[in-house]
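Colleague: generate a structure from the sequence data that follows.
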Amino acid sequence: MRLVVGLGNPGDKYARTRHNVGFILVDELAVTWGLTWECAAKLSAASARCTEHAVLLLKPQTFMNDSGKAVAKAVAVFGIQPADLLVVHDDVDLAPLRFKVSRNVSSAGHRGVQSIITALGTQDFTRLRVGVGRPKLWHSADKYVLQDLPADQLALLKKQGIEQLLSSLGV
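Modeller: Numbers count the residues shown, from 1 in each chain. Presented below is the predicted three-dimensional model:
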């Protein structure tokens, strides 16, 4: 069983923000595979299971910076090894709509990823980093990532991102 975790913040307020690209892409994967989300209260997450591809999708409902709590619970409950984990998240160091797969690397300052590393006690998992670009010099990165994606970028993210995500899963 593989575990795909989309990072983001719960709630309509954040649904279309740069910080929620992980949620957006696992939502698209769920639609592609015809899955529905279920509230997994004991995991503090929404989950969807695709038995055909032996993949569990997860959207932590703990807010970005505490994502590790939900991920650690899911790993324990389902007996998933960190090596079978794919975390999808935003990256301000990549140009918008650029994707990069990395494995066994530091959080590079991403607090959601650091939360997972801390909770699991390892950084040996795969990440699909989704570029959202850097804010202009006078904007803070924290405020920038909480702004909505422009509509054209959102549409391209869904199209290109699902291809990258499926490729990262080897499906």
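
Colleague: for the nearest residue to residue 43 once chain neighbours are set aside, what are its contacts?
Modeller: Leaving aside its sequence neighbours, residue 43 sits nearest to residue 73 (C-beta to C-beta, 6 or more residues apart in numbering; 4.8 Å). Using the backbone N, CA and C atoms, a C-beta is placed for each residue, glycine as well. Counting by C-beta atoms under 8 Å, 6 or more residues apart in numbering, residue 73 makes contact with 42, 43, 44, 45.

Colleague: of these, keep whichever come out buried.
Modeller: Among those, the ones that count as buried by 16 or more other C-beta atoms under 10 Å are 43, 44, 45.

Colleague: and for the nearest residue in space to the last one that is not next to it in sequence, the neighbour number?
Modeller: With C-beta to C-beta, 6+ apart as the measure, residue 70 is the residue that lies nearest to residue 45, at 4.3 Å, once sequence neighbours are left out. The local packing count at residue 70 equals 26, with neighbours defined by other C-beta atoms under 10 Å.

Colleague: which SSE is residue 70 in?
Modeller: Using DSSP states H and E, residue 70 sits in helix 67-78.

Colleague: pLDDT averaged over that helix - what is it?
Modeller: The average pLDDT for helix 67-78 rounds to 96.

Colleague: how much does the next helix or strand after it deviate in direction from helix 67-78?
Modeller: Remark: after helix 67-78, the chain's next helix or strand is strand 85-91, criterion DSSP H and E. Angle of strand 85-91 versus helix 67-78, following axes from the mean of the first three to the mean of the last three C-alpha atoms, to 10 degrees, is 160 degrees.

Colleague: which SS class is residue 161?
Modeller: Here residue 161 is recorded as helix under DSSP: H, G, I helix; E, B strand; the rest coil.

Colleague: need the contact list for it.
Modeller: Contacts of residue 161 by C-beta under 8 Å, 6+ apart are 21, 24, 25, 28, 99, 130.

Colleague: nearest residue to the last one in space, please, no chain neighbours.
Modeller: Spelled out, it's residue 130. Per C-beta to C-beta, 6+ apart, closest to residue 130 is residue 21, 4.4 Å.

Colleague: same question, the fifth one
Modeller: The shortest distance from residue 99 to any residue that is not its chain neighbour, by C-beta to C-beta, 6+ apart, is 4.4 Å, and that residue is residue 164.

Colleague: right, and residue 52 touches residue 35 too?
Modeller: No. Look at residue 52 against residue 35 with C-beta atoms under 8 Å: they stay out of range, at 10.0 Å.

Colleague: and the two? which has more neighbours close in?
Modeller: residue 35 (19 against 10).

Colleague: just the strands from this structure, written as ranges.
Modeller: 2-6, 38-40, 45-50, 55-60, 85-91, 99-103, 126-131 (DSSP state E).
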